[in-house]
Every structure is written in structure tokens, then in C-alpha cells.
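> A predicted structure for the sequence below; I have some questions about it.
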Amino acid sequence: MWAAQYPAYKTASGQMGPITVSAWTFFLAGAILLPFLLKERSSRTLENSATRRPWVKRDWIGFIVIGIFGLVPASAFLAWGTERSTASNAALIYLTVPIQTALLASVILGERMTWIRWLSLGVSLAGVLLLSRSDLRQQALARTEFLAGNVLVLLACTSSSFYNVYSKDLLRRFTALEVLVYGYAMALALSVLLLLWAEPLSWSAVRGYTAATWLSVFVLSVFSWGLAMVLWMFVLRKIDVTQASVSIYLLPFLGVLMSALTLHERITVSMLIGGAMTLAGALIITVVESPTAEENLQP
């Protein structure tokens, strides 16, 4: 379901602006997750209704921050980037999210950057550069054809990584569903403000959206940002985070496959090699630094 976001963003951004796509996505995704949150809150209320606390200034600031620097740019830049590049490139570049998350965690949370993490980052970035090799040869930098789109996708990855890291503090005070729904609500409010300034909507434009555009928004909202997130939280309750994270690295390859099938995008040898290199960098930090691996490395 996460892999479906790349061709879906590519299709939706053909008629919608990136902020418009984001606004619809956050609105519908929040509506999808709201019943799960209400069920969770009703079950908790029966047990410990007296333990609920009012929101404080720190809570409001936290959700505003993940909305401005995390959710909104993560969605809007990805929509904008896939419009200027290809959905296949976006899927492969998104393999850098675990590596960028490790870097931001060292800066924001003070986690130590080991040589393994630096090696992972270097291999992954080399893979991303290889993805844009053909665009650089064709001077795509001057024309801002694919390279500009790839940079926007990288910025979306950075925003997603920031959301993952900064949400750790919110998860100490809120449940996972609360972080998701409240974060989407804040992102929706910010997207609406941006719409009024940069992408004002008209009824004629809305009526002109094709069935493929609405289907893409439906896929993004219900599956990629909706049910997929609920299932992800369920998986994290059942297995270790490291085990679950390995499955994320299959996402870009599924995205490439879906893009080839739905958008008929061509998969080149350099894309396969670049994706393999980026995957290798992600696996280094996941496998080598797992608790089991560290125990095996000890004398």
C-alpha cells in the first residue's frame, strides 16, 4: 500500500497542484483513521477516564512543528517531485529515508553516529547519484528536468525522516493513533492556508478532475496514508522495530514495479544498480547494528 503512493502521486499531480493533493490526502486519511482513534479512546475511557490530561503549550508546538516541517512538505514535495521526475526514481530515492532518519536522530536526539552509519549513508547517497547519472549527462541540471524532481523527492525524504524522529517525543505523551490523526488535522489546516495563497481552488477545476485523479487520491488517502499506517502500528506491536524496518526497504522496488505496470515507465540498468546500492546502504545499518548482530560481534 505504501508503494502505491508513487504512481498515485504521479497521476494526481497531473491535474492537481502538490498542495491540493496533500490537502485532499490528509483530509481523507484523517477521516479513515478517526474511527480507529474513537474506538481506542472509548476503550481507554472505560478503564482510566480520570487519567486524561489537557493539552499544554508543548503539545500544540509539537504538532505544529511536525505539520510544518514533516507532513506537509513530505507530501507536497513528493507530489511535486514525481511530477518533475518519474515515479520509479521517487520509489528508489525513498530508500534514503532510514539513513536520513539515523542522521537526524543523531542531531535531534543525540544518538551516536558510528562508522557503520556513515558507511551506510555514503553507499546510499552514491546509489541516489547513480540514479540521476543519465540526467547529469544530458545536462538535466540546466533544464531542471529530472534532476530537479529528484532533489524535491530527496527533500520529501528529509521531511519524512524529520517526522519520524520528532514524533518520538509526542509518542511519549500520545498514542500512535493520536499522533497520526492530530498530525493529519494540523497538516490539513496548514495545507488549506497554503491553498488560499498559492493554489486557490475553483469549482470548475474540481469538476474537471478525471476519475483517474480521484482514484489516485483515494489510493493515497485510504491505503498509503490510512490503512497502511494502522497496519504498521499493528506490526510494531508484534515484532521488533528492526525486523519490521527491513520490510520497508522492499517498498521502492514495489513502487518501481507498480510504476512500470501502471505508467509504463522504463526501468534502466543504472536505476537497478542505484537502487541496489541504496538498498545495500540501508541494510548495513539495519542488519549490522541490530542487537543480535552486536551480540555476535562481541568476543
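Alright, I've got the coordinates.
> where in the stretch 1-150 of the chain is pLDDT low?
45-52, 88, 111, 113, 117, 121, 125, 128-145 (pLDDT under 70).
> now the strands for the protein?
When secondary structure is read from DSSP state E, the chain shows no strands.
> quick check: longest helix of it.
For the chain, the longest helix by residue count, based on DSSP state H, is helix 18-48.
> elements contacting that helix?
helix 72-84, helix 176-198, helix 211-218, helix 228-238 (3 or more C-beta pairs under 8 Å, 6 or more residues apart in numbering; DSSP states H and E). Where C-beta positions appear, they are placed from N, C-alpha and C, glycine not excepted.
> go again with 10 Å.
Packed against helix 18-48 by the contact rule (3 or more C-beta pairs under 10 Å, 6 or more residues apart in numbering; DSSP states H and E) you find helix 5-12, helix 72-84, helix 176-198, helix 211-218, helix 228-238.
> please save the CA atoms from the third one in PDB.
Yep, that's helix 176-198 we're talking about. What follows is helix 176-198, C-alpha atoms only, in PDB (Å, rounded to 0.1, in the frame of the first residue of the first chain):
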ATOM      1  CA  ALA A 176       0.300   6.300  17.900                       C
ATOM      2  CA  LEU A 177      -3.200   6.800  16.500                       C
ATOM      3  CA  GLU A 178      -3.400  10.200  18.300                       C
ATOM      4  CA  VAL A 179      -0.100  11.300  16.800                       C
ATOM      5  CA  LEU A 180      -1.300  10.200  13.300                       C
ATOM      6  CA  VAL A 181      -4.800  11.800  13.400                       C
ATOM      7  CA  TYR A 182      -3.900  15.000  15.200                       C
ATOM      8  CA  GLY A 183      -0.900  15.400  13.000                       C
ATOM      9  CA  TYR A 184      -3.000  15.000   9.900                       C
ATOM     10  CA  ALA A 185      -5.500  17.500  11.200                       C
ATOM     11  CA  MET A 186      -2.700  20.000  11.700                       C
ATOM     12  CA  ALA A 187      -1.300  19.300   8.300                       C
ATOM     13  CA  LEU A 188      -4.700  19.700   6.700                       C
ATOM     14  CA  ALA A 189      -5.100  23.200   8.400                       C
ATOM     15  CA  LEU A 190      -1.700  24.200   7.100                       C
ATOM     16  CA  SER A 191      -2.400  22.900   3.600                       C
ATOM     17  CA  VAL A 192      -5.700  24.900   3.400                       C
ATOM     18  CA  LEU A 193      -3.800  28.100   4.400                       C
ATOM     19  CA  LEU A 194      -1.300  27.400   1.600                       C
ATOM     20  CA  LEU A 195      -4.100  26.700  -0.800                       C
ATOM     21  CA  LEU A 196      -5.600  30.100  -0.300                       C
ATOM     22  CA  TRP A 197      -2.200  31.700  -1.000                       C
ATOM     23  CA  ALA A 198      -0.600  29.500  -3.700                       C
END
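> what sits against the spatially most central residue of the chain?
For the chain, the residue nearest the mean C-alpha position is Ser160 (4.7 Å; C-alpha atoms, centre = their mean). Contact analysis of Ser160 by C-beta atoms under 10 Å, 6 or more residues apart in numbering lists 70-71, 73-75, 77-78, 94, 96-97, 100-101.
> any chance of those residues in TSV, plus distance to Trp232 and neighbour count?
Compiled in TSV, these are given as follows (distance: C-beta to C-beta, whole Å; neighbours: other C-beta atoms under 10 Å):
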residue	distance to Trp232	neighbour count
Gly70	16	24
Leu71	15	28
Pro73	21	23
Ala74	15	24
Ser75	17	28
Phe77	21	23
Leu78	18	29
Tyr94	15	25
Thr96	19	26
Val97	13	23
Gln100	18	21
Thr101	15	20
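> looking at those residues, spot the one nearest Ile284.
Nearest to Ile284 out of the contacts of Ser160 is Thr96 (C-beta to C-beta; 13.1 Å).
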